[in-house]
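Peer 1: Quick one: sequence and predicted model below, then my questions.
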Amino acid sequence: MIEIENLTFSYGKEPLFKELNLNLEKGKIYGLLGLNGAGKTTLLNLIMSALFPQRGSVKIDGIDSRKRAVEYLRNLFIVPEQFYFSAISSKAFLMANIPLYPYFNKRLFESFVQEFNLDLKKKLNKLSGGQGKRFLLSFALAVQSPILLLDEPTNALDIPAKRIFKKLFLSSISDNSLTIISTHQVADIEGIIDQIIILHKGKIVFNQPIEKINEKLSEREIPTNQFQEYKERILYQVKEFGGYRVILKRISSDEPAVNIETLFNAIIENSEVINTYLTYNN
Amino acid sequence: MATLKNFIKVLRREIILNSTVWIYTIVSFLSLTLLAFIISIASHSGQSEDFFSFWYNVGLIMGNIFVSISAFRDLRLRGFDVIYISMPVSTFQKWFSVWLLTFVGYFLVFTAAFYLFLLIIVGVSAVFGLHIGMPQIFTPNVLEQIKNIYPLINALFLLGAIVFKRYVFLLTASISIGIIIIINLFFVLFAWIYLKITLGGITPLIKDISSLAIGFSDFEFSNNPMKNYILDFILWTASFFKLKEKQLK
């Protein structure tokens, strides 16, 4: 559905992405992870056609992003990480924008507003950061666009709102849609995503389905004196108080699944070991 | 058909989201006109023949500046810039809806509001025994301004609204003034070099200053509507292409 081919993009002299390739399929929820400045938001903006590749292309079903064709744009909606509403009422916002999104589900939106406990009487610019986020997330999920991009969707949400977001998100996503969730808060997307993509130093250094990760990898805290026992199976280790936190080659389904945060740290440190293991051990 | 439907949707969006700015703008200029009218009556200075046409002209031109610099507001709102760019309508429809509203729409709405305002003024004045006939708005001077200044203002500030992220009025106005000064300096320099070469010095230039002024008046846009329209067209086209190529860098 989304094909990114040989994408090169830079803000200055140093390229942020150099010949980046990525294919994203419909029916999947992707978690896009990366360090600060890795280019997660830039990648989302390139998909949204808000930025143009300097070389290479971004296409949706064969249509190039540079054209900003209606056929391209009607597939997309984004919730940006930070946004400011203009001084309008929610009623005016909805009246103005709903007709532009053909799949918008008003009933769904109303139920989200209720779940998020939103006060629609206030002008949108008077909403707090968290309330504004809840409003836009409700709108975005109700848009029901084939491709939904969420940039740090849980930033500014309090703990109950994060839980509600997870619930609403999973209840509203259709089987044919494609979602990319870019986030630092990996705990918030656990249990939601189907595939993890890690962006590092201008490249996709990791792109694996959760199913495979859970099947092949496990995570443990092991005391220093047991280290030798696991040594053969260790793919990544980090020293902690009293022992090690390790990612292991999984040998039994009883073993605990790997935590996304630990996996992320492991990939940033050295992506080759885990990638090689996951690729060549089917 | 789908294209027309989409256009109507985006036009409707623009009307809803900009109605407050329009109402404030029109009400402000009508209030200003009313204030000037009351002052003129109170001071017994009487109104000149073109009193209302002058205030109509002010409201039309200045109001269009306000309306134009407020256009494409989403492009200047963090986060909504990307939502606006990716809105599922073509760039031309986005641009054309704004152009239609700010150029044609504002003219029609402000003129209608001004006429309504005049009817009220004439009616209320009659109640107080002050008989003023329905004033003529479209004087030759106003028509000239509508032909020459109104489109230029719209074209210039629409372009500014797309190019600049903030201080749209200030930046557009100062850059435009800067460009005008540079062009004028260029023409003066060109004239000086031309006369120095052909006539052999500055003295003939001073002698021939009247013919020089006549010659160069051709370059003045305001005296030549055709050149003005070309400039408007260039600026409108530039604003469309600027929107088409707009990126969030």
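Peer 2: On my side now, so go ahead. Numbers count the residues shown, from 1 in each chain, chains lettered A, B, ... in the order given.
Peer 1: element containing the residue most central in space within chain B, please.
Peer 2: With distances taken as CA atoms, centre = their mean, the residue of chain B nearest its centroid is B:Ile153 (2.7 Å). When elements are assigned from DSSP states H and E, B:Ile153 belongs to helix B:140-163.
Peer 1: still on that earlier bit, now do the residue nearest to the centre of chain B against B:Ile146, distance only.
Peer 2: B:Ile153 is 11 Å from B:Ile146, where distance means CB to CB, to the nearest Å. C-beta: built from backbone N, CA, C; applies to glycine.
Peer 1: and the gap between the residue lying closest to the residue nearest to the centre of chain B once chain neighbours are set aside and A:Ile260?
Peer 2: Spatially, and ignoring its direct neighbours in sequence, B:Ile153 is nearest to B:Asn64 (5.3 Å; CB to CB, 6 or more residues apart in numbering or on different chains). Here B:Asn64 is placed at a distance of 54 Å from A:Ile260 (CB to CB).
Peer 1: what number of residues lie near the residue in chain B that chain A sits nearest to?
Peer 2: Residue nearest to chain A within chain B (CB to the nearest CB): B:Gly79, separated by 2.3 Å. A count of nearby residues for B:Gly79, using other CB atoms under 10 Å in any protein chain shown, gives 19.
Peer 1: Now do the same for the residue lying closest to it once chain neighbours are set aside: helix, strand or coil?
Peer 2: Using CB to CB, 6+ apart and skipping the chain neighbours, the partner closest in space to B:Gly79 is A:Phe83 (2.3 Å). When classified by DSSP: H, G, I helix; E, B strand; the rest coil, A:Phe83 comes out as coil.
Peer 1: Distance of A:Phe83 relative to B:Lys196?
Peer 2: From A:Phe83 to B:Lys196 the distance is 59 Å (CB to CB).
Peer 1: So for these two, which residue has more residues nearby?
Peer 2: A:Phe83 (19 against 13).
Peer 1: Now do the contacts for that one.
Peer 2: A:132, A:136, B:77-80, B:83 (CB atoms under 8 Å, 6 or more residues apart in numbering or on different chains).
Peer 1: can you list the domains in chain A?
Peer 2: Domain assignment for chain A by automatic domain parsing gives A:2-201, A:211-280.
Peer 1: Mind putting those domains into JSON lines with distance to B:Tyr229 and mean pLDDT?
Peer 2: Putting the domains of chain A into JSON lines (distance: least, CB to CB, whole Å; pLDDT from 0 to 100) gives the following:
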{"stretch": "domain A:2-201", "distance to B:Tyr229": "29", "mean pLDDT": "92"}
{"stretch": "domain A:211-280", "distance to B:Tyr229": "59", "mean pLDDT": "87"}
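Peer 1: Please identify the most buried of the ones you listed.
Peer 2: domain A:2-201 (a mean of 18; mean count of other CB atoms under 10 Å in any protein chain shown).
Peer 1: Now do that one: distance to the chain's middle.
Peer 2: 8 Å (CA atoms, centre = their mean, to the nearest Å).
Peer 1: give the contact list for A:Asn212.
Peer 2: For residue A:212 the amino acid is Lys, not Asn. A:Leu278.
Peer 1: change it to 10 Å
Peer 2: Contacts for A:Lys212 (CB atoms under 10 Å, 6 or more residues apart in numbering or on different chains) come out as A:195-196, A:278-279, A:281-282.
Peer 1: now the strands: where do they sit in the stretch 1-150 of chain A?
Peer 2: Here the stretch 1-150 of chain A has its strands, by DSSP state E, counting those that start in this stretch, at A:2-10, A:15-24, A:29-34, A:55-60, A:63-64, A:76-79, A:147-151.
Peer 1: list the helices and strands the longest one packs on?
Peer 2: Taking 3 or more CB pairs under 10 Å, 6 or more residues apart in numbering or on different chains; DSSP states H and E as the contact definition, the neighbouring helices and strands of strand A:15-24 are strand A:2-10, strand A:29-34, helix A:40-47, strand A:55-60, strand A:178-182, strand A:195-200, strand A:203-209.
Peer 1: which residues does residue 81 contact?
Peer 2: No chain specified, so I'll use chain A. Counted by CB under 10 Å, 6+ apart, A:Glu81 has contacts A:40-41, A:44, A:133, A:150-153, A:155-156, A:182-184, B:78-79.
Peer 1: Wait, chain B was what I had in mind.
Peer 2: A:45, A:50, A:80, A:83, B:72-75, B:165, B:246-248.
Peer 1: State the helix or strand in which it lies.
Peer 2: Going by DSSP H and E, B:Asp81 is in helix B:80-85.
Peer 1: now do A:Asp254
Peer 2: Going by DSSP H and E, A:Asp254 is not in any helix or strand.
Peer 1: Now do the same contact list for it.
Peer 2: Counting by CB under 10 Å, 6+ apart, the residues that A:Asp254 touches are A:Ser218.
Peer 1: That one and A:Pro102: what is the separation?
Peer 2: 48 Å.
Peer 1: Over to B:Trp99?
Peer 2: Taking CB to CB as the measure, B:Trp99 falls 25 Å from A:Pro102.
Peer 1: and if you look at B:Leu101?
Peer 2: Taking CB to CB, one finds B:Leu101 at 23 Å from A:Pro102.
Peer 1: again, but for A:Val79
Peer 2: 19 Å.
Peer 1: what do you get for B:Leu75?
Peer 2: 24 Å.
Peer 1: With A:Leu141 instead?
Peer 2: Distance from A:Leu141 to A:Pro102, by CB to CB: 16 Å.
Peer 1: residue contacts, the closest residue to chain B within the stretch 101-250 of chain A?
Peer 2: Residue nearest to chain B within the stretch 101-250 of chain A: A:Tyr101 (7.1 Å; CB to the nearest CB). A:Tyr101 makes contact with A:74, A:77, A:139-140, A:142-145, B:9, B:87-88, according to CB under 10 Å, 6+ apart.
Peer 1: Could you rerun that using 8 Å?
Peer 2: A:77, A:143-145, B:88 are the contacts of A:Tyr101 under CB under 8 Å, 6+ apart.
Peer 1: same check, this time on B:Ala161
Peer 2: B:68-72, B:75-76, B:168, B:172.
Peer 1: Could you do B:Thr102 as well?
Peer 2: Here B:Thr102 is in contact with B:64, B:67-68, B:71, B:154, B:158 (criterion: CB under 8 Å, 6+ apart).
Peer 1: quick one: which of those residues is most hemmed in?
Peer 2: That'd be B:Leu158 among the contacts of B:Thr102, by other CB under 10 Å, with 30 neighbours.
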